[in-house]
Every structure is written in C-alpha cells, then in structure tokens.
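here are the coordinates; sequence isn't available:
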C-alpha cells in the first residue's frame, strides 16, 4: 500500500506543426502543460498519501526524464511492465529521498496551425482520389498522450503503467489534461489502496 510518494518532475513535449507533418517542440506550450499537470495532480492524489514533489536542477531533471523515457520504451518493447528492470539511477534517486514509490508522468502531443490542417486535409484527399481510395487518410488535427509510471523501489519493479491517448483534442486543453491525470491516478489508487 502506498502511503508516501515522490512525484518526479513532469516531462511534457508539445509540438506545433506548421509545415507538412514536421513537428517542432514548443517550449512555451510544453511548460504550460507541465504546470497544468502539476495543478491537476494536487487535486487527484488521495489526501492520505504523503506526497513530495522532487525539485532539482535542470540537469538532474533531464537525467530523470531520460531514464523514465527509456523505461517507458522498455515497457513498450516488452509489452509487460513486470518484465522490465527499473534503472538503478531511478532507484538511487528514491533511496536518496528515503521513499519507496516514485511517480513519473510523461505528456506529449501536437497541435497544427490552421493553415497546416487545411493544406494537409486537402493534400490527403487528393492522394485518396488518385489512389482510388486506397490511401484515404485524414490527418489528426491535434493529439495528446499521457503516460503514468509508478516505480516501487523495494521490489525494483513498476507498480503501475498507464497510457492514455486523445486524438483531435488539443494536448494543452484543460479538460484533456484533467481527465488524463484523473484516470491515471484514480485507476491505480482506487484499485490498490
């Protein structure tokens, strides 16, 4: 049972597409999303759990994010969180804080400019007609993904892994972020505690 929890710095990567499908990271949108995620976390983590937000310099923040992203890729490759080994670096971070559980949230997505979505929609319709409907695809105007991962230091395992997608909704939209955070947190804490 989780009674105390370290919240690793939230990692958000929100891109803007203005030309074809070329994604360019927006630091402003990414930071805005991370701030909204943290605001929503406060609302949904049960009050009986002692939470500690890990505050660290940008270098350590980057190392924590990279280690967690590698962990996420390992889970996707293994198709089973139980088969994945948690990196020692993350276990050492939790150990240095004297806590057994660490929560990491990864948020990503993109939004398109109005001109881009109009152009892409038209371009793909022309390709669809030219290929007699074989390649008839509509572009996603926006896209959002959030992944939650809960690390158990004692067991050196992942206690929770949850991935949520939302197509054609802005990744920075409050309702999108709120519902993703809520579903990740409540799914685990309502069933395990």
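Yep, it's here. Bear in mind the structure is a predicted one, so any value in this text is a computation, not a measurement.

SS state for the nearest residue to residue 151 once chain neighbours are set aside?
Leaving out its chain neighbours, the residue that sits closest to residue 151 by Cβ to Cβ, 6 or more residues apart in numbering is residue 102, at 4.6 Å. Quick note: C-beta positions are derived from backbone N, CA and C, even for glycine. Counting by DSSP: H, G, I helix; E, B strand; the rest coil, the backbone at residue 102 sits in strand.

Now for residue 102: which residues touch it?
Listed by Cβ atoms under 8 Å, 6 or more residues apart in numbering, the contact partners of residue 102 are 5, 6, 7, 8, 54, 90, 93, 94, 150, 151, 153.

Is it possible to get CSV of those that adds secondary structure, neighbour count and distance to residue 78?
Rendered in CSV, the data for the contacts of residue 102 read as follows (DSSP: H, G, I helix; E, B strand; the rest coil; neighbours: other Cβ atoms under 10 Å; distance: Cβ to Cβ, whole Å):
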residue, secondary structure, neighbour count, distance to residue 78
5, strand, 19, 24
6, strand, 21, 24
7, strand, 19, 25
8, coil, 23, 21
54, coil, 18, 26
90, helix, 22, 17
93, helix, 22, 22
94, helix, 20, 21
150, strand, 22, 17
151, strand, 26, 15
153, coil, 20, 20
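
Give me the local confidence score for residue 133.
We note a pLDDT of 69 for residue 133 in this prediction.

Hmm, I typed the wrong one, I wanted residue 92.
With respect to pLDDT, residue 92 has a value of 95.

Quick check: buried residues in the helix or strand harbouring it?
Assigned by DSSP states H and E, residue 92 belongs to helix 88-97. Of the residues in helix 88-97, those buried under the neighbour-count criterion (16 or more other Cβ atoms under 10 Å) are 90, 91, 93, 94.

List the buried residues in the lowest-mean-pLDDT helix or strand in the chain.
Among the secondary structure pieces of the chain, namely its helices and strands, helix 114-130 has the lowest mean (mean pLDDT, DSSP states H and E), a mean of 79. For helix 114-130, burial by neighbour count (16+ other Cβ under 10 Å) applies to 116, 117, 119, 120.

what packs against that helix?
Based on contacts counted as 3 or more Cβ pairs under 8 Å, 6 or more residues apart in numbering; DSSP states H and E, the elements that helix 114-130 packs against are strand 11-19.

residue ranges for the strands of this protein, please.
In the chain, strands defined by DSSP state E lie at 4-7, 11-19, 22-25, 50-53, 101-112, 142-152, 157-167, listed in chain order.

Of all those, which one is nearest residue 75?
Closest to residue 75 of those, according to Cβ to Cβ: strand 157-167, at 5.5 Å.

what pairs with that closest one, and is each one parallel or antiparallel?
Using DSSP bridges, the strands paired with strand 157-167 in its sheet are strand 142-152 (antiparallel).

ok, residue 74 - contacts?
Taking Cβ under 8 Å, 6+ apart, one finds 84, 85 in contact with residue 74.
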